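Novice: Here is a sequence with its predicted model. Questions after.
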Amino acid sequence: MVRNVLGSVLALLGAAAAVWSPFRAWYDGRHGRYYRLGDLFSGSGVTDARADLFTSLFLPFAIAAVVTVVGVLLRSRLLVALAGIAVLAFAVLWMVRVGQAESGLTVDSDGNGLGAGVAGALGGGVLLLIGAALMRGRGGRRERMATLPPSEPAEPSWQSDPAWNTGAGGHHGGHGDRSEPTWQHGHGDQSEPTWQHGPAGTSGQDGPYEPTDPTPDRPPPREPGGTGSGEDAPTATWRRPPDQR
């Protein structure tokens, strides 16, 4: 974030310097806006003919400034870098053409030769490139995913474990659905242990369930002192088989 802000500020400063440079002296006191843009692409080099504002060096620098603003808004390093390259390219091309026409370039303390406008154009192009280098850009998909809040871990599903899917009617639940073996003995016979499951709709309750009698015709065991109705029967009864003689 900080790099994007700093790069954007430098890019905007570079674009402003490039746009302002044609209004300063470029060579021998002549402003850049008086140099015709077509003279840069002619074989004879620059001439003394005066140019209009939008047919002079101001036009490419203004376009570069617009591209810079769009690049900053879109956080596009490519657009900002292209604007900086364009500013430097036109400034260097102008220096080459003026050198051909003047048989060389000079700089002195009296204001003759290269002026402040050339320095502004070159400095603006360099600031644009530095700003593009500092900007981080919009970032890729991996970087955007890294900024998202972490998702909550999924709760484990007990449906895949058959030991937890023991409730009647397809219900599955917590520890209350785990069945325990109960021994049911009759008079004189030894029964096998049977697994008792919770009734339908009791998924998730804790504690053992009332065992199921393997012989439905047998009356429920009576509690000592009870009425024999079977409603208050204990949850499990251990009957000792008679002695084998």
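Specialist: Yep, that arrived. What you see is a predicted model; the values in this text were computed from it and never measured.
Novice: When you work out contacts or count neighbours from here on, use the C-alpha atoms and nothing else.
Specialist: Noted.
Novice: Mind listing residues that contact stretch 14-25?
Specialist: With contacts defined as C-alpha atoms under 8 Å, 6 or more residues apart in numbering, stretch 14-25 is touched by 30-33, 57-58, 61-62, 64-65, 68, 87, 114-118, 120-128.
Novice: Could I get the average pLDDT for the lengthiest helix in the chain?
Specialist: With residue count as the measure and DSSP state H as the assignment, the chain has helix 77-102 as its longest helix. Model confidence over helix 77-102, given as mean pLDDT, is 94.
Novice: And that helix, what's buried?
Specialist: Within helix 77-102, the residues that count as buried by 16 or more other C-alpha atoms under 10 Å are 77, 79-88, 90-91, 94-98.
Novice: Can you name the next helix or strand after that helix?
Specialist: Once the chain leaves helix 77-102, the next helix or strand it forms, by DSSP states H and E, is helix 116-134.
Novice: Now that next one - C-alpha only, PDB.
Specialist: Once side chains and other backbone atoms are set aside, the C-alpha atoms of helix 116-134 remain, and they are given as PDB (Å, rounded to 0.1, in the frame of the first residue of the first chain):
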ATOM      1  CA  ALA A 116      15.800  24.200 -18.100                       C
ATOM      2  CA  GLY A 117      13.000  22.800 -20.300                       C
ATOM      3  CA  VAL A 118      15.300  19.900 -21.400                       C
ATOM      4  CA  ALA A 119      16.200  19.200 -17.800                       C
ATOM      5  CA  GLY A 120      12.500  19.200 -16.800                       C
ATOM      6  CA  ALA A 121      11.600  16.700 -19.600                       C
ATOM      7  CA  LEU A 122      14.400  14.300 -18.800                       C
ATOM      8  CA  GLY A 123      13.800  14.600 -15.000                       C
ATOM      9  CA  GLY A 124      10.100  13.900 -15.500                       C
ATOM     10  CA  GLY A 125      10.800  10.800 -17.500                       C
ATOM     11  CA  VAL A 126      13.100   9.500 -14.900                       C
ATOM     12  CA  LEU A 127      10.500  10.100 -12.100                       C
ATOM     13  CA  LEU A 128       7.900   8.200 -14.100                       C
ATOM     14  CA  LEU A 129      10.200   5.200 -14.400                       C
ATOM     15  CA  ILE A 130      11.000   5.300 -10.700                       C
ATOM     16  CA  GLY A 131       7.400   5.600  -9.800                       C
ATOM     17  CA  ALA A 132       6.500   2.600 -12.000                       C
ATOM     18  CA  ALA A 133       9.300   0.600 -10.300                       C
ATOM     19  CA  LEU A 134       8.000   1.500  -6.800                       C
END
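Novice: Check which helices and strands that helix sits against.
Specialist: Contact analysis of helix 116-134 by 3 or more C-alpha pairs under 8 Å, 6 or more residues apart in numbering; DSSP states H and E lists helix 2-20, strand 25-27, helix 77-102 as its packing neighbours.
Novice: would you list those in CSV and tack on distance to residue 138?
Specialist: As requested, these are exported to CSV (distance: least, C-alpha to C-alpha, whole Å):
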stretch, distance to residue 138
helix 2-20, 9
strand 25-27, 37
helix 77-102, 9
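Novice: among these, which is nearest residue 47?
Specialist: For the helices and strands packed on helix 116-134, distance to residue 47 was read as C-alpha to C-alpha. The smallest value, 7.8 Å, belongs to helix 77-102.
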